[in-house]
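[1] The following block contains a protein sequence and its predicted model.
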Amino acid sequence: MAAITEHISKQFEADLDTTRTRVLQMGGLVEAQILTAIDAFGSGDAALISQVIENERRVNGYEVAIDGACNHIVVKRQPAASDLRLIMGISKFVTDLERIGDEAEKIARMAKAIHEHGGNHAQRFPGVRHAGQIAVRMLRAGLDAFARLDAAGAAEVVKEDTAIDREFTSVLRQLITYMMEDPRTITPALEIVWVAKAIERIGDHAKNLAEQVIYIVKGTDVRHTSFADIQREVARE
């Protein structure tokens, strides 16, 4: 009986490890999607745009596979409280990763429309690319916090969300001025607004990822709480 129990325990750990590895693989793909989409926004490269759009199916495939694995673990292994929290956290984590992938695809599609209007509209707003860099940094740090189950690292991701919000507001002001100075730029400028908004949403989802890491590690739901409260929760033994 002891041997059987040990075998079941080892198999359970193997299932968890495999699922966590898949999450990180999905995260790597999503990060690549953002980087490629932002490059496409700057260059209008049709091959990059197509690459992002085509890879969106792979992102969706990861979400379905990981959700299936989580359901299998719950049904077959009946995990205890802390492991169940990890599985629930993973399920929400991959939902946000999939939505980040959706936003990357949106950026690619807008990039195509922007460059079809001609001119150098995208190059006039370096703040968009800077916001994109912040979003990628947040995602990368959130994935690292998940890999190491690092609540303190996750809290730093939550803190950085304000930086991307400031960039979005700044870009919006610039675009309004751009449209007022030359009404012919209204259509491409509005498309750039959608790109900037997609990047801001990526930041929101990266923040959600970090909050899930804190939930997994600490067992406390920190959504809709102040950063000061999150810091106190992370510092709690």
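    All right, it came through fine. Every value quoted in this text rests on a predicted model; they were computed, and no experiment measured them.
[2] Low-confidence ranges, this structure, go.
    Judged by pLDDT under 70, the chain has its weakly predicted residues at 1-9, 119, 237.
[3] all helices in it, in order from the N-terminus.
    For the chain, the helices defined by DSSP state H cover 2-43, 46-77, 81-116, 126-148, 151-181, 186-218, 227-235.
[4] okay, the ones you listed, which one's buried deepest?
    Per residue and on average, the most neighbours among those fall to helix 186-218, with a mean of 23 (mean count of other C-beta atoms under 10 Å). Using the backbone N, CA and C atoms, a C-beta is placed for each residue, glycine as well.
[5] Packing partners of that one?
    On a contact count with 3 or more C-beta pairs under 8 Å, 6 or more residues apart in numbering; DSSP states H and E, helix 186-218 meets helix 2-43, helix 81-116, helix 126-148, helix 151-181, helix 227-235.
[6] I'd like these as a markdown table, with distance to Val74 appended.
    Formatted as a markdown table, the entries for these read as follows, by distance: least, C-beta to C-beta, whole Å:
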| stretch | distance to Val74 |
| --- | --- |
| helix 2-43 | 11 |
| helix 81-116 | 6 |
| helix 126-148 | 19 |
| helix 151-181 | 24 |
| helix 227-235 | 26 |
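[7] Nearest to Arg201, out of these?
    Shortest distance between Arg201 and those, using C-beta to C-beta, is found for helix 81-116: 5.1 Å.
[8] how big is the angle separating the closest one from helix 46-77?
    Note on geometry: by axes from the mean of the first three to the mean of the last three C-alpha atoms, to 10 degrees, helix 81-116 and helix 46-77 are set 160 degrees apart in direction.
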